[in-house]
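J.: Need the 3D shape of this:
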Amino acid sequence: MADGVSLHSVRIMVVDDERDLAEMIASALRYEGWDTTVSTSAEEALKQVRDFDPAAIVLDVLLPDADGFAVLEKFRAMGVHAPVIFLTALGTTQDRVRGLTVGGDDYVVKPFDLEELVARLRVVLRRGATTTGHRPSRFQVDDLVLNEGTHEVRRGERLVELTPTEFELLSFLMRNSPTVVSKAQILDHVWRYDFGGNTNVVELYISYLRRKMDNGRDPLIHTVRGVGYVVRPPVPDQTPMNGR
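T.: Numbers count the residues shown, from 1 in each chain. Presented below is the predicted three-dimensional model:
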């Protein structure tokens, strides 16, 4: 049990061409009570992922037959939407942003601490878990409706498909609406860590949400310059009269 959310009986796929490392990670995850499977190539992972139906995936970037970024894109094309933590020796900010851009949910750089990896897995699993407790599970701003119980987002009659991280970000914004939240608050809540002080990841995911949600409609996510972001209804066009 972690933060009131049961994370037992979940399945984690570990994909890394270093079998000893992959087995060590899998062993640590089994110690947490999670079911695991290990793949040592992109081909093997793509064959196993549907049958195993993982709740989360630990995915090495430097695989012998494909890079992890391409593998994730294939997962998504197959309809596999489990959150993904990239595991790699590529540690530059540019590499991290690329990993998040293709739909990754977190990025752990080798060498790493197993306890940290487990902690980050708990975070991404909580993002996709059904919300419990006493807070409302349904939020609405204008024609945008987010249901935490069913994990659905609709803009009018249109269903908006979001990744677990995008959903958690939008949920955080809507729960706080009409309060403006800062980038630091978003990083702390959605990613649960500082991401090396780089707030570009927030801007990146805000742009993803806007692109998916607006689609020709009035924007609902507003930037308050120097403060942060807020979800609120569109502001009516109020042209000042007499130059005032």
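J.: any idea which helix or strand of this structure has the worst average confidence?
T.: helix 93-101 (a mean of 66; mean pLDDT, DSSP states H and E).
J.: Quick check: next helix or strand after it?
T.: Downstream of helix 93-101, the next assigned helix or strand under DSSP states H and E is strand 106-109.
J.: Just after that following strand, pick out the following helix or strand.
T.: Counting by DSSP H and E, the next helix or strand C-terminal to strand 106-109 is helix 114-128.
J.: OK, contacts around the nearest residue in space to Glu73 that is not next to it in sequence?
T.: Take Glu73 and drop its neighbours on the chain: the residue closest to it by C-beta to C-beta, 6 or more residues apart in numbering is Val102, 5.9 Å away. The way it works is simple: take the backbone N, C-alpha and C, and place the C-beta from them, glycine included. Shown in contact with Val102 (C-beta atoms under 8 Å, 6 or more residues apart in numbering): 69, 72-73.
J.: Just the element for the residue positioned nearest the centre of the chain, please.
T.: Residue closest to the mean C-alpha point of the chain, counted by C-alpha atoms, centre = their mean, is Thr165 at 2.2 Å. When elements are assigned from DSSP H and E, Thr165 belongs to helix 164-176.
J.: the inter-axis angle of that helix versus helix 114-128?
T.: With axes from the mean of the first three to the mean of the last three C-alpha atoms, to 10 degrees applied, the angle from helix 164-176 to helix 114-128 works out at 60 degrees.
J.: 128 is where my numbering starts, stick with that
T.: Sounds good: first residue 128 from here, last item helix 291-303.
J.: re the thing from before, need the pLDDT of the residue nearest to Glu200.
T.: The score at Val229 is 71. That number is its pLDDT.
J.: Check Thr164 too.
T.: In this prediction, Thr164 carries a pLDDT score of 94.
J.: same thing with Gly131?
T.: The confidence metric pLDDT takes the value 39 at Gly131.
J.: Strands along this protein, start to end?
T.: In the chain, the segments counted as strands under DSSP state E are 138-142, 162-166, 183-187, 211-215, 233-236, 265-268, 271-274, 279-282, 285-286, 348-351, 355-358.
J.: Tell me which of those lies nearest to Arg247.
T.: strand 233-236 (5.1 Å; C-beta to C-beta).
J.: The closest one packs against which elements?
T.: Counting contacts by 3 or more C-beta pairs under 8 Å, 6 or more residues apart in numbering; DSSP states H and E, strand 233-236 is packed against strand 211-215, helix 220-228, helix 241-255.
J.: Need the CA coordinates for the last one. PDB is fine.
T.: In PDB, the C-alpha atoms belonging to helix 241-255 read as follows (Å, rounded to 0.1, in the frame of the first residue of the first chain):
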ATOM      1  CA  LEU A 241      16.600   0.600  -7.700                       C
ATOM      2  CA  GLU A 242      14.700   2.200  -4.900                       C
ATOM      3  CA  GLU A 243      14.300   5.400  -7.000                       C
ATOM      4  CA  LEU A 244      13.100   3.300 -10.000                       C
ATOM      5  CA  VAL A 245      10.500   1.600  -7.800                       C
ATOM      6  CA  ALA A 246       9.400   5.000  -6.400                       C
ATOM      7  CA  ARG A 247       9.000   6.400  -9.900                       C
ATOM      8  CA  LEU A 248       7.000   3.400 -11.000                       C
ATOM      9  CA  ARG A 249       4.700   4.000  -8.100                       C
ATOM     10  CA  VAL A 250       4.200   7.500  -9.300                       C
ATOM     11  CA  VAL A 251       3.300   6.600 -12.900                       C
ATOM     12  CA  LEU A 252       1.000   3.800 -11.600                       C
ATOM     13  CA  ARG A 253      -0.800   6.200  -9.400                       C
ATOM     14  CA  ARG A 254      -1.400   8.500 -12.300                       C
ATOM     15  CA  GLY A 255      -3.400   5.800 -14.100                       C
END
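J.: No further queries at this time; thank you.
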